[in-house]
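[1] okay, predicted coordinates and the sequence, questions at the end:
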Amino acid sequence: MAFYVVQFLTGLASAASLFLVASGLSIIFGVTRIVNFAHGAFYMIGAYIAFTLTERFSGAFGFWGGVVVAALAVALIGVLVEMVLLRRIYHAPELFQLLGTFGLTLMVEDLVVLIWGPDDLVGRRAPGFKGAVDFFGQNIPSYDLFLIALGPVVLGVLWLLFQRTRWGVLVRAATQDRDMVAALGVNQKWLFTSVFAVGVFLAALGGALQIPRDAVHHAMDLRIIVEVFVVVVIGGLGSIVGAFVAAVLVSELNAFGILIFPKISIILVFLVMAVVLIVRPWGLFGKPEAAARKTPGLTVNPWRPLTSNERLAALAALVIAATLPLFAGNYALTVGSEIAIFVIFAVSLHFLMSVGGLASFGHAAYFGLGAYGVAFLAKMAGLPMIVCLLLGPLLGCMGAAVFGFFAVQLSGVYFAMLTLAFAQIVWSIAFQWVSVTGGDNGILGVWPASWAASPSHFYWLALGVAALVTVTLRIMVFSPFGYALRATRDSLLRSEAVGINAKRIQWTAFVIAGTTAGIGGALFAYLKGSVFPDNLGISLSVDALVMVLLGGVETVSGGVIGAIVYKALNIWLVSQTDLSKLVLGGFIVLIVVVFPKGIVGMLEMLAQRRRKSSPPGSSLLAKPIESAE
Amino acid sequence: MSVAPPLLAVEGLTKSYGGIHAVRGVSFSLRAGEILALIGPNGAGKSTCFDMLNGQNKPDTGHVRLLGEETTGKKPREIWRMGVGRTFQITATFATMTVRENVQVALISHGKQLFNLWGSAPNVDRGEAGRLLELVGMGGYADRPCGELAYGDLKRLELAIALANDPKLLLMDEPTAGMAPRERVELMRLTAQIAREKSIGVLFTEHDMDVVFEHADRIIVLNRGTLIAEGSPAEVRGNPQVQAIYLGEGLLYEAGHREGASA
Amino acid sequence: MRARNCFVGAAFALLAASVGHSALAEDIKIGEINSYSLLPSFTEPYRKGWQLAVEEINAAGGINGKKLVVVSKDDGGKPADAQTAANELVSSEGVAMLTGTFLSNIGLAVSDFANQKKVFFLAAEPLTDAVTWAKGNKYTFRLRPSNYMQAAMLVEAASKLPAKRWATIAPNYEYGQSAVAVFKKLMSEKRPDIQWVDEQWPPQGKIDAGPVVQAVAQANPEAILNVTFGPDLVKLVREGNTRGLFKGREVVSFLTGEPEYLDPLKEETPEGWIVTGYPWYSIKTPEHDAFLKAYQTKYNDYPRLGSIVGYQTIKAAAAILAKAGSTDTDKMIAAAEGLSMPSPFGEITFRKIDHQSTLGAFVGKTAQKDGKGVMVDFSYKKGADYLPSDAEVEKLRPKD
């Protein structure tokens, strides 16, 4: 019995730090609607700075002072980030801020290694909380007890802050209705800045308090960020109490899960999140989102099919791209194939995200399923390549059909998080079901048949499929179905009122996008000759999001351009420097600030300004393809 | 032969929220080509009543029948398929699409082409969309982005969308809210004209008594969830109970709720 | 527009890189891939190690008179990116062979690439047995002692312990799973009386150490096998120390004696764990002294195990190239098979049968000295002594 009590208390201690970080994220989202991907980075910086301070200044004062000063310092950094970066992009399309904070995260991961060195750092223990307390023969670390007490204290302080201060009232009002606060004449800028500072402070404090328990290292951010998102979503976005309850729930699940299912603890929290979202779409303590800002802040140019001239230009670009094998070497061709495959992947997400308004955070699941589909067919059934290429994507299709059915019941960030949960579940299965998937060692030897083996042949294959997929999806955008899909994105109310079954339309779009991603994955398996759980991991899902956002979520050809730019740059940077994350992150942040509508969005605006009279089209499809190849 | 059922028959509609009766035993009917106004002070239950007609909300008890066919418990989109067009108090349109495309979406849905993945939507019912836009006086705006329209034009566009499925009945929630007085008159005149030409029944709620008394064939008055008066504009105007309610409000219309408009 | 120009620049550079490069005739190029950005704590010393080797080789006249050049690429910890890098090195840089890699899955990905493209690959670090056995191929060689070898070394010591009740803690992925499986198998062969009372599988990099420690303590084992490393190990050790998990229990632990993992523990270092590792401070052999001196002179830093791996990888590559006298893949394979060479740990041989080198590891006990973790009572275990019989290896390895 004592054992279970102690196990429970241990879970509570883990919950405390999780709660600190999650509450910060929740507050920031509630008020600013920013999905702050950099939250984990702030957590990590908090730990690093606290490490430096606590090593430098001895004694209890040095330790606790160091922890608090570190959190304050990081909050200041947060203020700077908010003022310099985020303020410029509050009016950008939804989720664009995600791109900016993602760029920051990339930069921070390299920066901490540059500043603090590559080694794992182990800080000192908290003065006064070094030992353990005996509880019926079980030991409870006294620091755990401190954390257990800290959680409710922070919850209480936050509660008082929100209930008893004018600032808190404004924050709560803004969480419920942003426009209203703006209408009340509140200085929204400073409200946002202060909220961001508080949120970042909490994250950094959470990080700083890890020093006595954890090692400080440059991957801390990724270790916590996903779990924090899970907590925030299970609790309900914007709900502090929800974050607390969910943090306890998740931590206790971990604590007891390892007793019952030691092998599936990774999957457990995501299963719970999926179930919670399916049963309670707004989380345990969340409220249904008020009709969200469906249309982006700026006017959107209605989409048009390409004019015949533009079609010719696109065709010309394709032809030019197809001549690459005449003068480029094998490496360039392989890179070209990889870019073409990522074009397929990006346009599939773009279809779901831009046309359907459904931003999936787990789109790599369907890419990866396509890849695994091919690998299973090729290695287990020994089918020829062409058959595998045709049938492999069906695994992506089936996955999308099952998961999509549940996902489209939700919208906005909840949709995003449910797709993330599904993707993580699929990833965990691939990662841990070693006997079937080979685990993280993957499935090897999925090489193309001889007719496609040479780099030029494979390049033509990939380019051809990419062109076909892009054209097909474009046709769908301007098909009656595409109109219906856009209608559901623009106004659910109106589409329902003209007889459109939005869920079915969105589900269909999800399946189309998933299948298309699966086609990309199938080609990818052959390009690389192997399949790994990475192919359905979070980082690939994020890559896809970045490509779409970078290209321009409000444009028709944004996915194509975003994929070409991002992938080419990424491959080049990784090859040229070990600091590729720093450079790429900086580039993304720059893009976010300079081109808040994405690259294609920006070019369209320029083109529109230049020839005000003629309609804006996506004539831009052509040029960037040329320059990329 | 029994008499043909009325276009819309509402019987004993009741809805309560946590013990508070929002709507209590409301019954009325509507003929084809008739324009019926549903009025009442704030909180009278107009919106609740309206939502039960269009499927947004389910009544606790009571029936709504369209040409004798039950619509209660049906979803808004199913009711639309039975021939009921709608406009909203705060316009709901497809902001990133052109005016024409907005109408085309409704036509595509009406023509059951929603899952047509291969056709060319810009050419689907292009002519019909144009005709509908002409009908509401928006012919010249067909290629404008919907997001750029003035509020009054959005209301017209909504009307065009609502007419796309050849409706038998139009449900218009505060059709003139947020419009300038001159625009109000124009829109209602247009609506009345179309309704009479096509023999469409119109049920609308309205705050602006000028609009109501000028355009409605018949008026029903709700107060605290119950129907307190029904009759021609003249009869209702003379009804002491109605006067009592509205005198309290000074017979003033309220400014439309502008905030959060989708425009 | 700036960003766009930058992008166009990138695209052009890509083109230029693909068209323009060709190896200078008088140089011999070796391609090297590792997870520099993902695992800097291992790869930084590793890089220093191989850079030292390159310097020494070229100072001694290069390879058969030709200068050795190492072209190094980051894989970001992703197998797919490692293959892109491998492709660039082979197709565009024209390297004679590929070397490097740390993570098992990346090692396997590059090994499969090598097999497909018929390129020589010398895997430096990946531990999975599959590299030389189940998924072994003609083109792939490996330097470091495999999972199996390290497990066998540990079992030799562990089986002498009186403990009968054992629990295991291992990261839940292929490396952890196979380490536990091999250890259990070899252990049970030697000690049929052993009971396995609990197993914990924390997710790699995400251990929730408190509950894990608590759960293991509850099973009350007499001894514990640990396979976690890095930040997970730190958390485990800290929680274990605080909660008294290690008191009165024997612990056998993979890799913990390597400076990369032992040094961060400082005063938390547990006493008396049986570990594999690299006690650079106490190895007194002429070969190692020479290496240590050269390394410390060049970098003013002490070597980690990564330094040894990086150094010996390039030394081995050079030895193979020198013996082959050519950059022809088949000739290099023929040269490498059975090739013996000196190393800081003594002479090693690349076995013909499975292309595994006989580089060994140090097995000893952990202790604290001046607030730092060290290995004591250690001895060097030669790799050759901890491999299964040739007949067994034949069965494990697919025919070339």
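    Structure received.
[2] tell me the domain ranges of the chain?
    Because you didn't say which chain, this covers chain A. According to automatic domain parsing, chain A is divided into the following domains: A:2-219, A:308-628.
[3] wrong chain, I was asking about chain C
    If you go by automatic domain parsing, chain C breaks into C:11-146+C:285-359, C:148-281+C:361-386.
[4] dump these into TSV; add mean neighbour count, mean pLDDT and distance to residue A:377 as well.
    The way it works is simple: take the backbone N, C-alpha and C, and place the C-beta from them, glycine included. Output for those, formatted as TSV (neighbours: other CB atoms under 10 Å in any protein chain shown; pLDDT from 0 to 100; distance: least, CB to CB, whole Å):
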stretch	mean neighbour count	mean pLDDT	distance to residue A:377
domain C:11-146+C:285-359	21	91	18
domain C:148-281+C:361-386	21	94	23
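[5] got any ranges where chain A has weak pLDDT?
    A:93-94, A:178-186, A:289-301, A:611-629 (pLDDT under 70).
[6] show me which residues of the stretch 151-300 of chain C are close to chain A?
    The stretch 151-300 of chain C comes close to chain A at residues C:172-174, C:177, C:199-203, C:205-206, C:208-212, C:214-215, C:217-218, C:230-231, C:234-235, C:238-239, C:242-244, C:260, C:263-266, C:268, as judged by CB under 8 Å from any CB of the partner chain.
[7] from those residues, which land in strands?
    C:199, C:200 (DSSP state E).
[8] from the residues of the stretch 151-300 of chain C next to chain A, which land in helices?
    C:174, C:177, C:209-212, C:214-215, C:217-218, C:231, C:234-235, C:238-239, C:242-243, C:260 (DSSP state H).
[9] now the domains of chain A in JSON lines, with mean neighbour count?
    Listed next are these as JSON lines, based on neighbours: other CB atoms under 10 Å in any protein chain shown:
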{"stretch": "domain A:2-219", "mean neighbour count": "21"}
{"stretch": "domain A:308-628", "mean neighbour count": "23"}
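[10] with distance to chain C as added columns, please give those domains in JSON lines.
    Shown next, in JSON lines, are these (distance: least, CB to the nearest CB, whole Å):
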{"stretch": "domain A:2-219", "distance to chain C": "3"}
{"stretch": "domain A:308-628", "distance to chain C": "3"}
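[11] can you check which of those gets nearest to chain B?
    Proximity to chain B, assessed across the domains of chain A by CB to the nearest CB, is greatest for domain A:308-628 (3.9 Å).
[12] okay, the domains of chain A in a markdown table with distance to residue C:347 next?
    Formatted as a markdown table, these follow (distance: least, CB to CB, whole Å):
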| stretch | distance to residue C:347 |
| --- | --- |
| domain A:2-219 | 32 |
| domain A:308-628 | 31 |
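[13] other residues contacting stretch A:374-385?
    For stretch A:374-385, contacts defined as CB atoms under 8 Å, 6 or more residues apart in numbering or on different chains pick out A:387-389, A:391-392, A:395, A:443, A:445-446, A:448-449, A:451-452, A:521-522, A:525-526, A:530-531.
[14] let me see the ranges of the strands in chain C.
    Under DSSP E, chain C gives strands at C:27-34, C:67-74, C:97-100, C:120-123, C:140-142, C:165-169, C:195-200, C:223-226, C:250-257, C:274-277, C:340-341, C:348-349, C:361-369, C:372-381.
[15] among those strands, which is nearest chain B?
    strand C:67-74 (41.4 Å).
[16] check which helices and strands the closest one is in contact with.
    helix A:558-576, strand C:27-34, helix C:40-59, helix C:79-87, helix C:305-324 (3 or more CB pairs under 8 Å, 6 or more residues apart in numbering or on different chains; DSSP states H and E).
[17] now do the same contact list for the residue in the stretch 51-200 of chain C positioned nearest to chain B.
    Nearest residue of the stretch 51-200 of chain C to chain B (CB to the nearest CB) works out as residue C:80 at 31.7 Å. Contacts for residue C:80 (CB under 8 Å, 6+ apart) come out as A:524, A:528, A:532, A:534, A:535, C:109.
[18] follow-up on the earlier one: TSV for the strands of chain C, including distance to residue C:49?
    Formatted as TSV, the strands of chain C follow (distance: least, CB to CB, whole Å):
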stretch	distance to residue C:49
strand C:27-34	11
strand C:67-74	11
strand C:97-100	11
strand C:120-123	14
strand C:140-142	16
strand C:165-169	30
strand C:195-200	34
strand C:223-226	26
strand C:250-257	17
strand C:274-277	16
strand C:340-341	16
strand C:348-349	15
strand C:361-369	16
strand C:372-381	19
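[19] where do the helices sit along the stretch 1-150 of chain A?
    Along the stretch 1-150 of chain A, the stretches classed as helices by DSSP state H, counting those that start in this stretch are A:2-32, A:39-56, A:59-84, A:96-116, A:142-164.
[20] relative to residue A:547, which of those helices is closest?
    When those are compared by CB to CB, helix A:96-116 sits nearest residue A:547, at 10.0 Å.
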